[in-house]
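Colleague: Quick one: sequence and predicted model below, then my questions.
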Amino acid sequence: MKDIKEKIQSLRQQIRKHDNFYYVQNNPQITDQEYDRLFSELKKLEQQHPELITPDSPTQRVSEQPIDGFAQVTHTIPMLSIDNTYSAEELKDFDQRVIKGLGTKNYQYVVELKIDGLAVSLRYEKGILVLGATRGDGEKGDDVTNNIKTIKAIPLRLEDQPPDVLEVRGEVYMPKKAFAKLNEEKEKQGEPLFANPRNAAAGSLKLLDAKTTAQRNLSFFAYALGETSEPFAKTHYESLEKFKKIGLPVNPNIKKAETIEQVIEICNQWEDKRFELPYQIDGMVIKIDRLDQHDILGTTGRAPRWCMSYKFAAEQAKTKVLSIDVQVGKTGILTPVANFEPVLLAGTTVKRASLHNFDEIDRLDVRQGDTVIIEKAGEIIPQVIEVKKEFRPKEAKPFKPPTKCPVCNSKVEKDPDGVYVRCVSSNCPAQLKEKLRYFAGRDQMDIENLGPALIEQLVDKGLVKDFADLYKLDIFALASLERMAQKSAQNVLDGIEKSKQAPLARLVAALGIRHIGIQNAEILTQQFGSIDEIKGAAEEEFTRIEQIGPVLAKSIYEYFHNSNNLKIIDKLTAAGVNPKQKQTKKGDKLSGKTFVVTGTLENFSRSQIEQTIKDNGGKISSSVSKKTDYVLAGTEAGSKLDKAQQLGVKILNENQFLDMIGKK
Ligand code: IVH
């Protein structure tokens, strides 16, 4: 047993070390495979010895159970915001105020990037992460500990003897690549896109299901000190150095400056270079270095006098609209797209931009031939901001929204509740192509070798009229297509054959039901074991599932009560595409009840009690709120027990709990 404990500890140490190399220092030392091997070895040992699991183990980053809502946290020291400047002049004014406030010219600045994400506070006690909270209104934020823990750049445990209490503040952000990928997914789902990485980061941190947050690839930089149990540093720069030493990620582009002129120069350099960074910044933050001088300068209530931000202007470009196309998506939505004279903007050549919908065209009054100003929303997605009407050619006519589908000529209709116009035909080849592309996509049926060019031909030649037709294709039909030979045709057939083994959730996702991507499909198939079961369910059975709201429920129900869809599903079944999902049978003694566990229990480790509650149909939350049904308190229960008493939440001891589940 001692050996196993030591083995587990050594694995955890190695994993933490490599997490730090990878996520904090950006300098991985082992391959992903080697890392995965360490991780699965630890996981296996912990599964065999659940009593050895500790909350700071790298395996404990993702909490399994969604929570009902966030508890409020009062910040012991308020989280202030920063005043903004927009020019060198304003920065010089700030410098003059600093000289006046300090009564001396003896001070230094630290200049940092202003990361475009959201501010959070991380509280470490005895080196262990115990609380992660959003800034909220500066006084009170949300307890988002479960979600914070999924961010790999944030250590669950600090190194090198940090103070007993150390509150660190910093920015949670979404790297540009992760942002682009997330929006791509959203677009495929026909869901509204995030306008910029900041909104995406905020949205991801405030999800009630930490499992989803874990998939969002958030990251973190520490940039300020909060409450500490003992003095931590004399200067801001020193505190950042110490953060690094104890394992916290600090942005590498931080510079000291002696004068405001040097500050301005650094700001100007980054204004040009910012597009090379893998994350978005919207300006610079300038701070007085000495912490005693922070106290002298004080705050204006809302913002400190020792800190200032310099905001960049969004980069813009001028170009010409060559034409406006209308594209048809997989759910029939018609999206207008402007084609431009190619122009360089924020690091890439931009040739086209979505105009989103016809109301937006109306609002902008953008026409073919117009000269327009474009900007990149979140530095990534180009948008038309303004039409320069003074350059409009005389012959330019207002854009007329199509009254028919531009591809199949069928009727189009405006959504009753929205701004979207759809092609309502169920036989529109453009929709079918998009649907098939999605069906075969990597997160759905993952059909190898069935790419867009082949789909194009299959639809145009009338060989495929719905998903099920894919399973009827034969080698002769395929080999007769352009750029196809016997061998490549066989590869396609193999890919199609293999997809019959795809799990149920993937098939459900592949159908392209509105709002049902792979994540929701997985939630759904935890409750329903086959397509037949889903087909037979009443709408209320869907709403009863925790994460499925009325809009999703309606969408699923309607999909499975449309005769066209049912015909295709029957064809799929007949072709052998009919996966089954094994259901894990759960008890229901604690059905629907939310538990918070606190203190040490006699008969259960933390993971055992959580599993037991879940196995009996209950839910776990990490913080006590009015929505908590029971607090299960062991010995040495702390603040959660106090909170339960305050709120009048029912408190159970271990015996009472065992009684409830009939184990006594
Ligand atoms: S310092 C009292 N440093 O900007 C000063 N903030 O507009 C505490 N931000 O709420 C914050 N990068 O979310 C600081 N290097 C940086 C920052 C930074 C981004 C954010 C932060 C703050 C907001 C104010």
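Modeller: Noted; the coordinates are in hand. Numbering: from 1, shown residues only.

Colleague: Show me what counts as buried in stretch 140-157.
Modeller: For stretch 140-157, burial by neighbour count (16 or more other Cβ atoms under 10 Å) applies to 141-157. No exception for glycine: its C-beta is placed from N, CA and C like everyone else's.

Colleague: and the residue of the stretch 51-200 of the chain nearest the ligand?
Modeller: residue 119 (3.3 Å; Cβ to the nearest ligand atom).

Colleague: For that residue, give the beta-bridge partners.
Modeller: residue 171 (DSSP bridges).

Colleague: wait, doesn't it sit right on residue 168?
Modeller: No. When contacts are counted by Cβ atoms under 8 Å, residue 119 is not listed as touching residue 168 (11.3 Å).

Colleague: Of these two, which one has the most company?
Modeller: residue 168 (26 against 21; other Cβ atoms under 10 Å).

Colleague: got the contact list for that one?
Modeller: 121-122, 124, 222, 224-226, 243, 248 (Cβ atoms under 8 Å, 6 or more residues apart in numbering).

Colleague: would you turn the residues you listed into JSON lines with secondary structure?
Modeller: Shown next, in JSON lines, are the contacts of residue 168 (DSSP: H, G, I helix; E, B strand; the rest coil):
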{"residue": "121", "secondary structure": "strand"}
{"residue": "122", "secondary structure": "strand"}
{"residue": "124", "secondary structure": "strand"}
{"residue": "222", "secondary structure": "strand"}
{"residue": "224", "secondary structure": "strand"}
{"residue": "225", "secondary structure": "strand"}
{"residue": "226", "secondary structure": "strand"}
{"residue": "243", "secondary structure": "helix"}
{"residue": "248", "secondary structure": "coil"}
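
Colleague: For the residues you listed, which PyMOL command selects only the ones that are buried?
Modeller: Of those, the buried ones go into a single PyMOL selection, burial set by 16+ other Cβ under 10 Å:
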select buried, resi 121+122+124+222+224+225+226+243+248
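
Colleague: just the contacts of residue 168 that are near the ligand?
Modeller: residue 224 (Cβ under 6 Å from any ligand atom).

Colleague: Would you mind giving the contacts of residue 168 as TSV with pLDDT added?
Modeller: What follows is these, written out as TSV (pLDDT from 0 to 100):
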residue	pLDDT
121	98
122	98
124	97
222	98
224	97
225	96
226	96
243	97
248	97
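
Colleague: Same list (the contacts of residue 168) but as CSV, adding distance to residue 234.
Modeller: Below are the contacts of residue 168 laid out as CSV (distance: Cβ to Cβ, whole Å):
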residue, distance to residue 234
121, 22
122, 22
124, 21
222, 18
224, 15
225, 11
226, 17
243, 15
248, 18
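
Colleague: which one of the contacts of residue 168 is nearest residue 350?
Modeller: Nearest to residue 350 out of the contacts of residue 168 is residue 222 (Cβ to Cβ; 34.7 Å).

Colleague: if I pick the closest one, what's in contact with it?
Modeller: Taking Cβ under 8 Å, 6+ apart, we find residue 222 in contact with 122, 168-170, 240, 243, 248-250.

Colleague: Strands of the stretch 501-650 of the chain, residue ranges please.
Modeller: 594-598, 619-620, 630-633, 650-652 (DSSP state E, counting those that start in this stretch).

Colleague: hey, which helix or strand in the protein has the poorest pLDDT?
Modeller: Lowest by mean pLDDT, DSSP states H and E among the helices and strands of the chain is helix 606-615, with a mean of 80.

Colleague: tell me how far that one is from the chain's mean position?
Modeller: Relative to its parent chain, helix 606-615 has a centroid offset of 27 Å by Cα atoms, centre = their mean, to the nearest Å.

Colleague: now what about that helix, what contacts it?
Modeller: 50-51, 53, 55, 64-65, 586-587, 590, 595, 597, 601, 604, 619-620, 632, 661.

Colleague: now it and strand 594-598, what's the angle there?
Modeller: In terms of direction (axes from the mean of the first three to the mean of the last three Cα atoms, to 10 degrees), helix 606-615 departs from strand 594-598 by 170 degrees.

Colleague: Now helix 606-615: buried residues?
Modeller: The neighbour-count check on helix 606-615 (16+ other Cβ under 10 Å) flags 606-607, 609-610, 612-614 as buried.

Colleague: Then stretch 645-654?
Modeller: Neighbour counts over stretch 645-654 (16+ other Cβ under 10 Å) mark 649, 651-654 as buried.

Colleague: In contact with residue 453, which residues?
Modeller: So residue 453 contacts residue 483 (Cβ under 8 Å, 6+ apart).

Colleague: Apologies, that question was intended for residue 545.
Modeller: Residue 545 makes contact with 523-524, 527 under the criterion Cβ under 8 Å, 6+ apart.

Colleague: surely residue 331 meets residue 515?
Modeller: No. If you go by Cβ under 8 Å, residue 331 and residue 515 don't touch, sitting 10.2 Å apart.

Colleague: Can you say which two of the contacts of residue 222 are spatially most distant?
Modeller: 122 and 240 (14.7 Å).

Colleague: Could you look up the SS state of the most centrally placed residue in the chain?
Modeller: Central residue of the chain (Cα atoms, centre = their mean): residue 216, 3.2 Å from the mean position. Classification of residue 216 using three-state DSSP returns coil.

Colleague: Torsion angles phi and psi at it?
Modeller: phi -90, psi 0 (degrees, to the nearest 10).

Colleague: likewise residue 485?
Modeller: According to degrees, to the nearest 10, residue 485 has phi -130, psi 180.

Colleague: And it, how close does it get to the ligand?
Modeller: 56 Å (Cβ to the nearest ligand atom, to the nearest Å).

Colleague: Up against the ligand, what does the stretch 151-300 of the chain have?
Modeller: 171, 223-224, 285.

Colleague: next one: the stretch 551-664 of the chain
Modeller: Counting by Cβ under 6 Å from any ligand atom, none of the residues of the stretch 551-664 of the chain come close to the ligand.

Colleague: thinking again about what came up before, and the strands of the stretch 501-650 of the chain as CSV, adding mean pLDDT?
Modeller: As requested, the strands of the stretch 501-650 of the chain are arranged in CSV below (pLDDT from 0 to 100):
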stretch, mean pLDDT
strand 594-598, 90
strand 619-620, 82
strand 630-633, 92
strand 650-652, 91
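
Colleague: So which of the ones you listed is nearest residue 327?
Modeller: Taking Cβ to Cβ, strand 619-620 is the member of the strands of the stretch 501-650 of the chain nearest to residue 327, at 42.6 Å.

Colleague: just checking, what packs against that closest one?
Modeller: Here strand 619-620 touches strand 594-598, helix 606-615, going by 3 or more Cβ pairs under 8 Å, 6 or more residues apart in numbering; DSSP states H and E.

Colleague: can you give me the helices in the stretch 501-650 of the chain?
Modeller: Counting by DSSP state H, counting those that start in this stretch, the stretch 501-650 of the chain has helices at residues 504-510, 518-527, 531-535, 539-543, 550-559, 563-574, 606-615, 639-647.

Colleague: looking at these, which is buried most?
Modeller: helix 504-510 (a mean of 24; mean count of other Cβ atoms under 10 Å).

Colleague: what distance separates that one from the centre of its chain?
Modeller: 21 Å.

Colleague: re the thing from before, rank the helices of the stretch 501-650 of the chain by mean pLDDT and give me the bottom one.
Modeller: Ranked by mean pLDDT, the helices of the stretch 501-650 of the chain end with helix 606-615 at the bottom, a mean of 80.

Colleague: Now that one - C-alpha only, PDB.
Modeller: Output in PDB follows, covering the C-alpha atoms of helix 606-615 (Å, rounded to 0.1, in the frame of the first residue of the first chain):
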ATOM      1  CA  ARG A 606     -14.600  12.200  -1.400                       C
ATOM      2  CA  SER A 607     -14.900  10.400  -4.700                       C
ATOM      3  CA  GLN A 608     -16.700   7.400  -3.100                       C
ATOM      4  CA  ILE A 609     -19.400   9.600  -1.600                       C
ATOM      5  CA  GLU A 610     -19.900  11.600  -4.800                       C
ATOM      6  CA  GLN A 611     -20.300   8.300  -6.700                       C
ATOM      7  CA  THR A 612     -22.700   7.000  -4.100                       C
ATOM      8  CA  ILE A 613     -24.900  10.100  -4.300                       C
ATOM      9  CA  LYS A 614     -24.800   9.900  -8.100                       C
ATOM     10  CA  ASP A 615     -25.600   6.200  -8.200                       C
END
